[in-house]
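**Student:** Please work out how this folds:
(chains A and B)
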Amino acid sequence: MFYREAGQFKTSYRADQGILTIVQDRFVIGAFAFVAFCVVPFFINDYWANAILIHVLVYVLAALGLNILTGYCGQVSLGTGGFMAVGAYASYKLITAFPEMNFIVAILMSGGITAAVGVVFGLPSLRIKGFYLAVATLAAQFFLVWVFNKFGWFFNYSPTGMIVSPPREVFGFLVTGPQASPEARYLFCLSFVVVFALAAKNIVRGRVGRSWMAIRDMDIAAELIGIRPLEAKLTAFAVSSFYIGVAGALYFNVWLGSAEPTEAFDINQSFFVLFIIIIGGLGSILGSFLGAAFMVLVPITLKTVMVDGFGFAVGAAKHAEVMLLGTLIILFLIVEPHGLARLWQILKEKLRRWPFPY
Amino acid sequence: MAYERKIGDTILSVDQISLAFGGVKALSNISFSVNQHEVFAIIGPNGAGKSSMLNCINGFYHPQEGTITFKGNTRRHVRPSEAAREGIARTFQNIALFKGMTTLDNIMTGRNTKMHKNIFWQALRFGPAEKEEMEHREVVERVIDFLEIEAIRKTPVGTLPYGLQKRVELGRALAAEPDLLLLDEPMAGMNLEEKQDMCRFILDVNDEFGTTIVLIEHDMGVVMDISDRVVVLDYGKKLADGTPDEVRSNQAVIDAYLGVAHDDAEE
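**Tutor:** Presented below is the predicted three-dimensional model:
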């Protein structure tokens, strides 16, 4: 009733293959974009920016990257944290070695460097699949973090072993460093996420995306119809690592401001992003957004409710939060194994028919 | 078969192919040739090596001996993806569709080898990549029209009934506009109406697009009706080859299918 495509006819293939083919969808997404770009910046403060908005945005980007690899191409990866570290350290080296370099260019280049590293660690995928590949990428995770700890060149021999993001401007607005305003940092991340999400959507509905999905669904048949597995898998690794690298660069420069590899980029990061895409929905761009929002917001909400609402001690609340979140995830995966994106689809179907059962 | 077709020169010739898996000889010294625009059937009892033969032709198996000549290129080993690019398309005995994708996307993958815009254009989409996509969509829509599957265009293929999945798989092969179409038991598990439909599609493909077809089928009525020539395999050896009538009256073939009185039963 509320969500009906009746009367909306397509007269060209172009219109039929659009992203938002239904007027209601366009309206909702347009409203969201308007609020995100034009309303939120006027109300944002440091807490909202740091704890929630930039936090979600960075993970959306990382989840998009992992979703391309795992959700679309079917190659399980546990190296996300390591690749985020590559992006962060690449951007750190670039902006400290070339202070004049445009910050956006530096971020994109660190994505490119991560893509190259990703391709190298993606090479085993040509021979091994599934859990075995997951273990191979786990090696990437530990190896990369070890490298960034071990060799002083990566952190410019700073005595603490930490990397600290120097202040950089984009279009005259400071986006990194302690003086950067939350609005500027938020809008900077948001623009990245929007552009990259659109690009990801375009890629996955084109030729490259179809060859990824073909490899995921049945690699032998894909090869027999002319898709080169080498090419498809390595482009998936490259594109995925590019996204994750950019996410890592933003994570370090814009969100954290300073980082130390063992803590900021450990294996928990990899699992966190993997949970995001499983809960959000494998093989869904929207799912990356929903999953990231879920995984970031639910713990914060639980904590706020327990500490402020029920007056729990902070320590007890922390433990309870972990248990509750775990239970929620398990329950959730039993009820809807295909994630939030599928849930949204089912809801749309229901809205379409309501109030009739069929 | 009232219409006139022009049977051309040899498009595919298989020469002295032998394939063994360890000690099992799946194929030994098989030779035959297929002419352009022909419907060519490979028949034989279970385990005769029919599917292995197709797998050799499109590069999935690599025979130990012998050569395969396709469109003048002689080779023994070829990668499946290269064979596909040369113009060999196939369908499978057990449906091998991409289950998570829609009918439309599945058939679009058949066009993959013909699309060339790189990933950066595709990320941008607007402009050349979109134009290319639309051109190929048009070809795919013609295939969809041809196979009469317009209604399931946007349905994920995993949810479709068996007969339709077979049809979508044929569509995916056709979308590549192959010169040689290999069909591995296109009618297995179908009821009479579905078989008739499938026969009609195969003959129409052959007639309208001039595609050469090599098919494996167990339904003798179908094979004898639609094929121009037939080769019979048994235990990896070639028993006979020729027109359906010649094969039907061949004593070795009758023995293989019906068994011989004194010897072991073949079935």
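
**Student:** What backbone torsions are found at the residue in the stretch 251-358 of chain A that chain B sits nearest to?
**Tutor:** Residue nearest to chain B within the stretch 251-358 of chain A: A:G283 (6.8 Å; CB to the nearest CB). (C-beta placed from N, C-alpha, C; glycine too.) Main-chain dihedrals, A:G283, degrees, to the nearest 10: phi 70, psi 40.

**Student:** so B:V230 bridges to which residues?
**Tutor:** B:A41, B:G242 (DSSP bridges).

**Student:** Go ahead and confirm it touches B:M220.
**Tutor:** No - here B:V230 lies out of contact with B:M220, judged by CB atoms under 8 Å, at a distance of 9.8 Å.

**Student:** So for the two, which residue has more residues nearby?
**Tutor:** Between B:V230 and B:M220, counted using other CB atoms under 10 Å in any protein chain shown, the more crowded position is B:V230 (26 against 14).

**Student:** Could you pull up the contacting residues of that one?
**Tutor:** By CB atoms under 8 Å, 6 or more residues apart in numbering or on different chains, the residues touching B:V230 are B:40-43, B:223-224, B:240-244, B:247.

**Student:** and of those, the nearest to chain A?
**Tutor:** Closest approach to chain A among the contacts of B:V230 (CB to the nearest CB): B:I42, at 17.7 Å.

**Student:** hang on, the closest one packs against B:R229?
**Tutor:** No - with contact defined as CB under 8 Å, B:I42 does not reach B:R229; the gap is 10.2 Å.

**Student:** out of the two, which sits in the more crowded spot?
**Tutor:** A direct count of neighbours by other CB under 10 Å for B:I42 and B:R229 places B:I42 higher, at 28 against 19.

**Student:** ok, that one to B:V223 distance?
**Tutor:** Distance, B:I42 to B:V223, using CB to CB, to the nearest Å: 9 Å.

**Student:** and B:S28, that one's in a strand?
**Tutor:** Yes - assigned with DSSP: H, G, I helix; E, B strand; the rest coil, B:S28 falls within a strand.

**Student:** Spatially nearest residue to residue 36, not counting backbone neighbours?
**Tutor:** All of this is about chain A. Of all residues not flanking A:A36 in the chain, A:L190 sits nearest, at 6.0 Å (CB to CB, 6 or more residues apart in numbering or on different chains).

**Student:** I was after chain B.
**Tutor:** B:G8 (3.0 Å).

**Student:** just A:A49 next, same as before
**Tutor:** Per CB to CB, 6+ apart, closest to A:A49 is A:P182, 3.4 Å.

**Student:** I'd guessed the one you found sits against A:I44; true?
**Tutor:** Yes - if you go by CB under 8 Å, A:P182 and A:I44 touch, sitting 5.0 Å apart.

**Student:** what sits up against the longest helix seen in chain B?
**Tutor:** With secondary structure taken from DSSP state H, chain B has its longest helix at helix B:128-146. Here helix B:128-146 makes contact (CB under 8 Å, 6+ apart) with A:13-14, A:17, A:202, A:206-207, B:103-104, B:107-108, B:110-111, B:114-117, B:121-122, B:150, B:153, B:171, B:174-175, B:177, B:201, B:204.

**Student:** on contacts alone, who are the packing partners of the helix or strand that comes right after it?
**Tutor:** Downstream of helix B:128-146, the first helix or strand assigned by DSSP states H and E is helix B:162-175. With contacts taken as 3 or more CB pairs under 8 Å, 6 or more residues apart in numbering or on different chains; DSSP states H and E, helix B:162-175 sits against strand B:88-91, helix B:103-109, helix B:128-146, strand B:180-184, helix B:192-204.

**Student:** And for helix B:162-175, what's in contact with it?
**Tutor:** With CB under 8 Å, 6+ apart, helix B:162-175 has contacts from A:225, B:89-92, B:95-97, B:103, B:106-111, B:139-140, B:143-144, B:146-147, B:149, B:152, B:157, B:160, B:181, B:183, B:186, B:189-191, B:194, B:197-198, B:201, B:205, B:209, B:211.

**Student:** buried subset of those?
**Tutor:** A:225, B:89-92, B:95-97, B:103, B:106-111, B:139-140, B:143-144, B:146-147, B:149, B:152, B:157, B:160, B:181, B:183, B:186, B:190, B:194, B:197-198, B:201, B:205, B:211 (16 or more other CB atoms under 10 Å in any protein chain shown).

**Student:** show me the contacts for the residue of the stretch 51-200 of chain B found nearest chain A.
**Tutor:** Nearest residue of the stretch 51-200 of chain B to chain A, counting by CB to the nearest CB: B:A84, 3.2 Å away. Counting by CB under 8 Å, 6+ apart, B:A84 touches A:224-226, B:58, B:113, B:176.

**Student:** gap between it and A:K201?
**Tutor:** For B:A84, the distance to A:K201 - CB to CB - is 28 Å.

**Student:** Can you lay out the helices and strands packed on helix B:162-175 as a markdown table showing mean pLDDT?
**Tutor:** Listed next are these as a markdown table, based on pLDDT from 0 to 100:
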| stretch | mean pLDDT |
| --- | --- |
| strand B:88-91 | 92 |
| helix B:103-109 | 94 |
| helix B:128-146 | 91 |
| strand B:180-184 | 93 |
| helix B:192-204 | 92 |
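
**Student:** now the contacts of B:V230: which count as buried?
**Tutor:** For those, buried by 16+ other CB under 10 Å: B:40-43, B:223-224, B:240-241, B:244, B:247.

**Student:** Show me the shaky parts of chain B.
**Tutor:** In the prediction, chain B carries residues with pLDDT under 70 at positions B:1-5, B:261-267.

**Student:** let's see it at 80
**Tutor:** Applying pLDDT under 80 to chain B flags the ranges B:1-6, B:76, B:257-267.

**Student:** Which positions in it make contact with chain A?
**Tutor:** Contacts of chain B with chain A, taken as CB under 8 Å from any CB of the partner chain, map to B:58, B:60, B:79-81, B:83-85, B:89-90, B:92, B:96-101, B:105, B:108-110, B:112-113, B:115, B:117, B:119, B:122-125, B:129-130, B:133-134, B:137-138, B:141, B:172-173, B:176.

**Student:** End to end on stretch A:37-51, go ahead and measure it.
**Tutor:** In stretch A:37-51, first residue to last residue: 18 Å (CA to CA, to the nearest Å).

**Student:** what does stretch A:66-75 give?
**Tutor:** 9 Å.

**Student:** Is it positioned near chain B?
**Tutor:** No - using CB under 8 Å from any CB, stretch A:66-75 never reaches chain B; the gap is at least 9.4 Å.

**Student:** ok, and what's touching that stretch?
**Tutor:** A:76-77, A:80, A:122, A:125, A:129, A:133, A:200, A:203-204, A:209, A:212-213, A:215-217, A:232-233, A:236-237, A:239-240, A:243-244, A:273-274, A:276-277, A:280-285, A:287-288.

**Student:** Okay, buried residues for it please.
**Tutor:** Under 16+ other CB under 10 Å, the buried positions of stretch A:66-75 are A:66-75.

**Student:** so how far is stretch B:156-174 from its chain's centroid?
**Tutor:** Between the centre of stretch B:156-174 and the centre of its host chain there is 15 Å, according to CA atoms, centre = their mean, to the nearest Å.

**Student:** list the buried ones in it?
**Tutor:** Neighbour-count burial for stretch B:156-174 [16+ other CB under 10 Å]: B:156-157, B:160, B:163-174.

**Student:** Of all pairs in the residues you listed, which one is the farthest apart?
**Tutor:** Using CB to CB, these span at most 20.2 Å, a distance reached by B:P156 and B:L174.
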